[in-house]
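J.: Dropping the sequence and predicted coords here.
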Amino acid sequence: MLSISDSVAVITGGSGGIGKALAEYWLSKGGKVINADVAEEALRATEQELKKISTNIASIVCDVTSEVDNARLASFAMERFGAINLIAPFAGITADGLVIKTDRDTGKVSGKMALDKFQKVIDINLTGVFLTIRECVEQMINNDCRGLVCVVSSTGSLGTAGQLNYSSSKAAMSVFPKVLTAEFFRRNIADKVRCMAVAPGYVATPMVKNMDERMIAKIVEQVPIGRLIEPEEIVSIVAELYRNEAMAGETVFVHGGLRLGSKG
Ligand SMILES: NC(=O)c1ccc[n+]([C@@H]2O[C@H](COP(=O)([O-])OP(=O)(O)OC[C@H]3O[C@@H](n4cnc5c(N)ncnc54)[C@H](O)[C@@H]3O)[C@@H](O)[C@H]2O)c1
């Protein structure tokens with residue numbers, strides 16, 4: 001079992017709901033955190049807040065869609081803390097809309113999802129994660145670090161109407177653990193660097209809380225535990241996946257029993 005104490009977590013989207021909760025948990029267990037986010041003001045405010053728990057946190061502005069920013073992030077982690085043990089590429093967005101909208105009266109097509117709306121989500125949620133992993137794993141391997149790459153998928157990976165962009169990006173996250181574990185196995189490093197995905201249902205973070213109240217109420221109706229998941233409930237699974245080195249190549253769902261089909 002790995003210990004969090006003294007280990008280094010690189011978190012993207014670290015001033016958002018789940019990323020910040022992970023940073024908080026990691027620091028409280030004696031770990032070190034490199035916190036990265038594109039939202040500079042929120043990143044600085046998060047650092048000030050989390051420094052009350054531990055000063056073992058360093059922040060860096062990073063747009064995960066940029067190769068240069070991701071390379072800087074990985075080097076920064078090595079310079080500041082000398083290791084990378086957990087890669088948590090949690091930066092992500094939604095930009096919902098139907099692919100094809102039809103007019104209720106005429107039945108004819110009245111709108112289509114714009115290319116940039118599709119592409120923006122893919123760029124951040126998929127290409128961004130690829131780049132963060134590529135740069136950080138390079139440092140892990142070259143510096144002989146042991147640990148976990150933990151991507152975040154979603155119940156959206158199973159397909160949610162109005163989210164072709166988001167669902168596609170999250171479906172991709174569920175193959176990352178399989179492909180990366182197979183590649184690490186091929187290169188005889190799978191015992192040192194593992195990859196897992198956590199797939200949350202609806203979590204009480206700004207991503208969900210910014211939705212229309214009626215929409216949230218409709219969502220919660222479908223959740224047997226009767227509420228949104230708390231970010232800390234995702235973080236506790238990420239921590240366990242890190243500690244338990246038997247966990248590799250899989251996706252773990254955390255959704256409160258969310259019913260994705262009909263209630264029956
Ligand atoms: N909240 C949920 O219900 C839920 C469910 C399943 C999966 N997820 C996933 O969990 C992850 C975290 O989500 P959250 O709920 O904490 O969202 P959030 O909106 O609270 O935080 C996302 C963070 O990502 C940052 N970000 C956005 N674009 C970026 C970029 N280009 N570069 C760097 N940072 C960027 C934002 O500034 C923000 O701080 C996302 O990948 C999301 O898809 C969330």
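T.: Received, thanks.

J.: any idea how far Asp116 lies from Ala95?
T.: According to C-beta to C-beta, to the nearest Å, Asp116 stands 9 Å off from Ala95. No exception for glycine: its C-beta is placed from N, CA and C like everyone else's.

J.: same question, Leu131
T.: 20 Å.

J.: mean confidence score for the longest helix belonging to the chain?
T.: If you go by DSSP state H, the chain has its longest helix at helix 164-186. Averaged across helix 164-186, pLDDT comes to 98.

J.: what's the answer for stretch 127-138, then?
T.: 98.

J.: got the contact list for Ala39?
T.: Shown in contact with Ala39 (C-beta atoms under 8 Å, 6 or more residues apart in numbering): Ser15.

J.: Tell me the pLDDT of it.
T.: For Ala39, the model assigns a pLDDT of 98.

J.: Please apply the same query to Gly261.
T.: So Gly261 comes in at 68 (pLDDT).

J.: likewise Leu27?
T.: For Leu27, pLDDT reads 98.

J.: Can you pick out the residue with more neighbours from Leu131 and Ala95?
T.: Using other C-beta atoms under 10 Å, the more surrounded residue of Leu131 and Ala95 is Leu131, with 24 against 16.

J.: Give me the secondary structure label for the closest residue to the more buried one other than its chain neighbours.
T.: Closest residue to Leu131 apart from its sequence neighbours, by C-beta to C-beta, 6 or more residues apart in numbering: Asn70 at 4.3 Å. Secondary structure state of Asn70, per DSSP: H, G, I helix; E, B strand; the rest coil, is helix.

J.: Please report the number of neighbouring residues for Asn70.
T.: The number of residues near Asn70, taken as other C-beta under 10 Å, comes to 25.

J.: who does Thr102 bridge with?
T.: Val109 (DSSP bridges).

J.: near the ligand at all, stretch 226-243?
T.: No: if you take C-beta under 6 Å from any ligand atom as the test, stretch 226-243 misses the ligand, and the best it gets is 6.7 Å.

J.: Fine, thanks again, bye for now.
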